[in-house]
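Asks: Generate coordinates for the sequence data below:
(chains A, B, C and D, ligands or ions: 12)
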Amino acid sequence: MSKKHETPLLDELEKGPWPSFVKELKKAAAKKESANDLLGALEQCYKDNRTHWKHGGIVGVRGYGAGVIGRYSDIPEQFPGVAHFHTVRINQTSGFFYTSKALREVCDIWDKYGSGLTNFHGSTGDMILLGTNTESLEPLFAEYSSHGWDLGGSGSAMRTPSCCVGPGRCEWSNIDTLDITYDLTQEFQDEMHRPAFPYKFKIKTSGCAVDCIASIARADLSIIGTWKGDIKIDQAEVQSYAKKGMDINAEIVNMCPTKCMSYDGKELKIDNENCNRCMHCIAKMTKALRPSGERGATLLVGSKAPFVVGALLSWVIVPFMKLEPPYTELKEFIRKMWEWWDEHGKNRERIGELIERKGMRDFLEAVGLDPLPQMVKEPRRDPFYFWKPEELEK
Amino acid sequence: MSKKHETPLLDELEKGPWPSFVKELKKAAAKKESANDLLGALEQCYKDNRTHWKHGGIVGVRGYGAGVIGRYSDIPEQFPGVAHFHTVRINQTSGFFYTSKALREVCDIWDKYGSGLTNFHGSTGDMILLGTNTESLEPLFAEYSSHGWDLGGSGSAMRTPSCCVGPGRCEWSNIDTLDITYDLTQEFQDEMHRPAFPYKFKIKTSGCAVDCIASIARADLSIIGTWKGDIKIDQAEVQSYAKKGMDINAEIVNMCPTKCMSYDGKELKIDNENCNRCMHCIAKMTKALRPSGERGATLLVGSKAPFVVGALLSWVIVPFMKLEPPYTELKEFIRKMWEWWDEHGKNRERIGELIERKGMRDFLEAVGLDPLPQMVKEPRRDPFYFWKPEELEK
Amino acid sequence: MSLPQRKTDIGPPHYKQFLSPVIQKNYGNWKYHEELSGGVMVHVAESGDELYTVRVASPRLISTDFVREISDIAEKYCDGYLRFTSRHNVEFLVSDKSKLEPLQKELKEKGYTIGGIGNRVSNIVHTQGWVHCHSAATDASGLVKVLMDELYDYFTSKELPNKVRLAVACCTNMCGAVHCSDIALVGIHRKPPIIEHAKVPNVCEIPSTIASCPTGAISPDPAKKSVKISEAKCMYCGNCYSVCPALPISDPANDGVAIVVGGKVSNLRSNPKFSKLVYPYLPNTPPRWPEVVSAVKNILETYAKNARKHERVGEWVERIGWEKFFKMTGIPFTFQHIDDFTFARETFRTAATFKW
Amino acid sequence: MSLPQRKTDIGPPHYKQFLSPVIQKNYGNWKYHEELSGGVMVHVAESGDELYTVRVASPRLISTDFVREISDIAEKYCDGYLRFTSRHNVEFLVSDKSKLEPLQKELKEKGYTIGGIGNRVSNIVHTQGWVHCHSAATDASGLVKVLMDELYDYFTSKELPNKVRLAVACCTNMCGAVHCSDIALVGIHRKPPIIEHAKVPNVCEIPSTIASCPTGAISPDPAKKSVKISEAKCMYCGNCYSVCPALPISDPANDGVAIVVGGKVSNLRSNPKFSKLVYPYLPNTPPRWPEVVSAVKNILETYAKNARKHERVGEWVERIGWEKFFKMTGIPFTFQHIDDFTFARETFRTAATFKW
Ligand code: SRM
Ligand code: SRM
Ligand code: SRM
Ligand code: SRM
Ligand code: SF4
Ligand code: SF4
Ligand code: SF4
Ligand code: SF4
Ligand code: SF4
Ligand code: SF4
Ligand code: SF4
Ligand code: SF4
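Replies: Ligands and ions are numbered 1, 2, ... in the order given. Here you go, the predicted model:
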């Protein structure tokens, strides 16, 4: 494809040391008409200081209600190549592990049907195929699915779960994040592909409280690995950190949020009963400290972006659950949540918002959990609260 | 007066080492019919496990709308002496300082017109004369006022201001709490005695951030003394605390909230720029540490009990104001607040609730203050907010 | 008997006339103070002058006889100068050191309780209760008496990690400082008010009544010229009854006492804090409320045993975490503990960090 | 050309086939890791096996050519094994230590940027912007590019007190992690939407549109079968436009960028935190947004200079206090900084403790 549009503004973004997305657009534009027009359309946005995309009707593949985001230019006459320019979300692999072979396969199919532009990855986790037209959707899907790739979620559906690298390459993972993500994705294919919820539902899994997939901030269900047991200390390694120049009191002991550590220059001690497993000491002295004992996860519910009630972080609902295949207890918990949410949630009401609206008690009773102090930072302040008839004198 | 009612339950409260209010009731009952019936009526409450008082009509003294709380028994037939049993609030002295002569005067008048029972003091600060009837109110007021005592506030009025002992006996007072309280009380006599506000308005003044009058928790305007300057250190006294057994690092340095102190066993250091003037170190080492520099007060607004929106603590509105007689700036600030509250407040809406409802900007603009980071713990989180036309491009 | 000429708007007498000479001389020029015992302290002025304070307990609900008796004592030892504290104790202000011992002796002989200074339990800030308020779900004076009988030694002598401020309020209007106290009791209801439809139109202003409800449970009932209350929304706070006497809420079988913990108002170390719920309900069992007394004692002593020096109750709890507090005290955690009012969301735990 | 047989609901391929032999062997049995440079680390297994990771920057919005090129490189040095990170970087997974140097050499020759590991600025989590979204008040890819050009050395080499996570979202839907990032940009509007009354009845569902407004500014306009927007209540969030395309809100003259600061998601030391507003508005000045870039750099470098080792941006700010943050960075404090949304009250300062 030859150059079609002048892009003096975007050209400014080819300068500088950081890899340039404009260069990528141009690479694609060299091959694809639609990418060429995308470049022009984007230059127009830069000129006008505004977006030139508009909402579109629902598009998708047969039998699915999810996986494709319809998108249309508001200046299609100028940029016919992006008049339709839909996104296809391909469900990524667990932990974003690939082989070159797999990636080539993904690229080849995409070059056949789309703009040749992608996001590796979207912020939910999908491989984002950026820009194709309505007609290409069916054949594209046929090719991908016959090669073993499926669409991710979109709309009021379960969204593509994602996870941190976990046991694949990390010494701190308390759970098999890759397997949990794969297993849940398989289990809930229907919920992912056929939107039937009040709104979107995201699941993200981190192997420990470092939370490298940011699950606590952006997943309706955040699964975070943890342990019940002592932190084992290798005192020789402690000494070797000290020797290498670590100021153990300043960097570790004084930064421990529960102040449950002490160090006298010789021996590091941890009062494990008072440790809240924040991971600071372990992360900063990985050779010296290791959790031990029973492994499992804390389940937290409700985080999301600001609309409508303000941004939420997820709330502790299940302090500890063992997570081993086939993850029956976890799946039952998820299904119970969904059932309650389906029944009570309004259109476009995330589960966190519903819990807030209905009250935590309603939710906990629906999913069959007892109240626990671990669920709250602190008990309520103002002393008025509900009683059920069975809690009262007749 | 002879014993009129059996009080087996209350008699249980004469036992035990703590001074007994039942003994006090009995002392009064020995002289006064109404106190005798109060004893009986209270015994009845103990028997029935419920109160026997009821709301009453408005009672008061001529020309005042405040200072008397009407109260009636719901079983007047049984206890005619407390059929009417109103409370009279006498404005206490600044800092609760008295002479025996003054107290005797208060008692003598009260014995003449009332039950002989009092609270020294009510939790707002007034001397509470507990129980008289409607007819006695006028003569009682004539006697008290002719002796130089006046009524306190009640209803939707300014309430009796109160303060900590301050310069009267405390080494930490940054302002003249007694004088400020006296002066404001005099200045706002009309606002105190003739309720014309949307609801009550309380002022409490503490000489420093120790806040011995609990102003930050229960005053619509909390005045808290503070300083701008360094904490002066007497190192010899520091050593003497150490010698007497104080673990200066554990008890002082590590408990400093801003971690701006250090102590190496010899010298105590304070990084004054980072001190937030919490008073901990000063209070625990009063001989060694003293504030210096300019004195004044922080003004905080809005605290109150839980209804309707939940309990509030006061909010920093004026980080620093110099407070010297005649306190003109302070009085102007108070009047401006009241003006805005009068105009916008609903019936039974405290000023803190109104600020919350209308937004801090509205309030600050009304009282003519610029926004300052000292007013907030942290800036807002969700990034949507108002702009005024003059802040925008045309 | 003719009455004297009444005056209005004169305000209280000027404070200066109540300040003893040593106070007037050293006003605003105090240098330091020292605690001499659980109930005695000395303030030393820049001038070197000394002022001794002897603090004694008061039941706050007192007779004029009591006031006269302390006046007598003040005259004998303090040239008549005395004051009350913001927590209702009496303070004898002694300028002449030689009178300090005789004063204490006489106080003891007369049965006064000296104490409340320093890291101790001081007097309990409280309210009217059944003695004088229509709104009371429990009695205040009685609770104070039975608590202080039990905690007596913590007032007079036994030291605690820091001051412990107790409060009692007889209803959720919370006259006093319950919402920011180390340990506080508050009288609560557990059933919706009864609507006396016949009375409502006469004694209540409907819009204020509706506005008084924190949960929006009240709506107009135009047919009856009265109001309706949604049982599902009412959480029995009793505020509507304050505004509308035709909505009585008291219920001897279900009213009782809640305990809140961990508040403070001082700015030392940590910011002022609200108290938090730890016992949603304990029964009203006058005259001596044994359940309430032992619950408070348990909390106080668990604190005394485990807190670090200078830690207030709330600071201790926040350091160890509420989950640990419930574990150590053995208090059961219930649905009532989980907030569902305005700021519920802010109390939910948004971190994977907690203790088992 | 006939199409292959489509399949449905098969989900993604099983992850195991993408794990290299050394990973499969040591799966879940890693012992520790070591950072070897700004972009290289080694993970050592209990077995003693080693796995080297070389991380390179990606602009995230990439062409298939880019993907093919990194695939080529992975084949040459990693037996074809590679992965992406949760922040969109590419990781080459090297089992054979001898290939580590040649790999890095080739990467450098080809112009790749190695870095992002350790206490550095990593790649910016971001969103579609003008490249693909109708809702965008600014561009995301452009902002990321100009920021990372400026902060380049903090990605490749320069160390910071801790990791610094940046994010960009092009509208307040905030796809990504803006609300919990160390430093983040978000596209904002400053005028109410325009109501295209003719279109509303056809393209919008009125109840959802009304419900979408966080401030309750939208009400029905039955006459027009459309809606009304209260200008006094609208704070220009744009959520109604997400729900109802007939309410366009974009305004080139007034749209711009806000900066929020101090969020985090990790549980280390302090709990996860929300980001807080520090710049309510900076103008949209493409292509290189100089105002935004210098504002971010100022914040980052003030942090770098003043924070203690291991302190995240938010932890540093909380230690020194927000008033100090504004003073040190010289950012003006405005009415917009004072919250007036749902939890406004909880952000007001309820203590006499603050710094001058
Ligand atoms: C592609 C992606 C941004 C990206 O460049 O990475 C994206 C793009 C859109 N998001 Fe998002 N969201 C994306 C991840 C997120 C995330 C982050 C996450 O999932 O971890 C969030 C915040 C977390 C959350 O779910 O709350 C997010 C919160 C939203 C919201 C606000 C939802 C809310 O409850 O407040 C909307 C609005 C909506 O749903 O109408 C939204 C809506 C949209 C729409 C569909 C806008 C629309 O109304 O049509 C965007 C389509 C853009 C396009 O042109 O393709 N997007 N969106 C991300 C999905 C890629 C993927 O599948 O991997
Ligand atoms: C006497 C006193 C309690 C005591 O025993 O010390 C008291 C007693 C009453 N208070 Fe109070 N309040 C008393 C201090 C307080 C305080 C504490 C303070 O002022 O420091 C508060 C909490 C702080 C605050 O103002 O929010 C307080 C918050 C209330 C409220 C709730 C106000 C609110 O905005 O939430 C009410 C309800 C009302 O105003 O209708 C209330 C109402 C009442 C009424 C008038 C009940 C009524 O509706 O008739 C009580 C009259 C009792 C009686 O029989 O005399 N009282 N009240 C205190 C006044 C004595 C004095 O003048 O010195
Ligand atoms: C007399 C009184 C002021 C008054 O105007 O009446 C007073 C007097 C003193 N207070 Fe206070 N405080 C008085 C009520 C308060 C209150 C208000 C309250 O309890 O409602 C508080 C706030 C309580 C809270 O935070 O909830 C209060 C918190 C303190 C503190 C802070 C303790 C802490 O570490 O949090 C100190 C400093 C200390 O103890 O080191 C203090 C220190 C002092 C000093 C040492 C000040 C001084 O140098 O003279 C005085 C004697 C202390 C003592 O009693 O141990 N005073 N003090 C009040 C006595 C009440 C009583 O009878 O017990
Ligand atoms: C590869 C990746 C996981 C993945 O599945 O892709 C990952 C990998 C590691 N993270 Fe992470 N983290 C990754 C995203 C995250 C995220 C999520 C995010 O940024 O959205 C976080 C939370 C950020 C936050 O709190 O806002 C995260 C917070 C950490 C921390 C906590 C730092 C702190 O003190 O707060 C550590 C521990 C440390 O650095 O000491 C850590 C440590 C690690 C370790 C050392 C874990 C290990 O032993 O293997 C890994 C290499 C660290 C490095 O890059 O310096 N990782 N890490 C992600 C790389 C993203 C990137 O390209 O930069
Ligand atoms: S979240 Fe924990 S287990 Fe997962 S990659 Fe990060 S540090 Fe490792
Ligand atoms: S994990 Fe966190 S809380 Fe536990 S000992 Fe280490 S630093 Fe302290
Ligand atoms: S508030 Fe401060 S000045 Fe007033 S008595 Fe208490 S310590 Fe002294
Ligand atoms: S007053 Fe408070 S903040 Fe200041 S140095 Fe003393 S303990 Fe630290
Ligand atoms: S707390 Fe309630 S019952 Fe007690 S005095 Fe105050 S209003 Fe009356
Ligand atoms: S008791 Fe409280 S919650 Fe119930 S109706 Fe009355 S005001 Fe509303
Ligand atoms: S943040 Fe807003 S503009 Fe950007 S992709 Fe998400 S919805 Fe679109
Ligand atoms: S822009 Fe936001 S605040 Fe304004 S009307 Fe739309 S939804 Fe409401």
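Asks: what is the mean pLDDT for stretch A:293-311?
Replies: On average, the pLDDT along stretch A:293-311 is 96.
Asks: Please read the previous query as pertaining to stretch A:6-25.
Replies: 98.
Asks: Now tell me what touches it from outside.
Replies: A:35, A:38-40, A:42-43, A:46-47, A:117, D:57-63, D:65-66, D:111-113, D:131, D:141-142, D:144-146, D:148-149, D:152, D:155, D:286-288 (Cβ atoms under 8 Å, 6 or more residues apart in numbering or on different chains). Where you see a C-beta, it was placed from the backbone N, CA and C, and this is true even at glycine.
Asks: Could the C-alpha coordinates of that stretch be exported in PDB?
Replies: Output in PDB follows, covering the C-alpha atoms of stretch A:6-25 (Å, rounded to 0.1, in the frame of the first residue of the first chain):
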ATOM      1  CA  GLU A   6       0.000  13.300   5.200                       C
ATOM      2  CA  THR A   7       0.500  12.900   8.900                       C
ATOM      3  CA  PRO A   8       2.700  15.800  10.100                       C
ATOM      4  CA  LEU A   9       1.400  15.700  13.600                       C
ATOM      5  CA  LEU A  10       1.700  11.900  14.100                       C
ATOM      6  CA  ASP A  11       5.100  12.000  12.500                       C
ATOM      7  CA  GLU A  12       6.200  13.900  15.600                       C
ATOM      8  CA  LEU A  13       5.500  10.700  17.500                       C
ATOM      9  CA  GLU A  14       8.100   8.800  15.500                       C
ATOM     10  CA  LYS A  15      10.700  10.800  17.200                       C
ATOM     11  CA  GLY A  16      12.200  10.000  20.600                       C
ATOM     12  CA  PRO A  17      13.700   6.800  21.900                       C
ATOM     13  CA  TRP A  18      10.600   4.900  23.100                       C
ATOM     14  CA  PRO A  19       9.100   2.500  20.500                       C
ATOM     15  CA  SER A  20       6.600   4.300  18.400                       C
ATOM     16  CA  PHE A  21       3.100   3.200  17.800                       C
ATOM     17  CA  VAL A  22       3.100   5.500  14.800                       C
ATOM     18  CA  LYS A  23       5.800   3.400  13.200                       C
ATOM     19  CA  GLU A  24       3.600   0.400  13.900                       C
ATOM     20  CA  LEU A  25       0.600   2.000  12.200                       C
END
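Asks: sorry, back to before: of the contacts of stretch A:6-25, which belong to strands?
Replies: A:117, D:61, D:62, D:63 (DSSP state E).
Asks: which one is the second one nearest to, not counting chain neighbours?
Replies: Meaning residue D:61. residue A:21 (4.2 Å; Cβ to Cβ, 6 or more residues apart in numbering or on different chains).
Asks: Report how many residues lie close to that neighbour.
Replies: 28 (other Cβ atoms under 10 Å in any protein chain shown).
Asks: Could you check how far it is from residue D:125?
Replies: From residue A:21 across to residue D:125, the span is 15 Å (Cβ to Cβ, to the nearest Å).
Asks: Which pair in the ones in strands among the contacts of stretch A:6-25 has the greatest spatial separation?
Replies: D:61 and D:63 (8.7 Å; Cβ to Cβ).
Asks: which residues do these two both contact?
Replies: A:24, A:25, A:117, A:118.
Asks: Could you save the residues you listed as TSV and add columns showing distance to residue B:162 and neighbour count?
Replies: Formatted as TSV, the shared contacts of residue D:61 and residue D:63 follow (distance: Cβ to Cβ, whole Å; neighbours: other Cβ atoms under 10 Å in any protein chain shown):
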residue	distance to residue B:162	neighbour count
A:24	70	24
A:25	71	29
A:117	71	28
A:118	70	28
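Asks: would you turn these into CSV with distance to residue C:336?
Replies: Formatted as CSV, the shared contacts of residue D:61 and residue D:63 follow (distance: Cβ to Cβ, whole Å):
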residue, distance to residue C:336
A:24, 57
A:25, 58
A:117, 55
A:118, 52
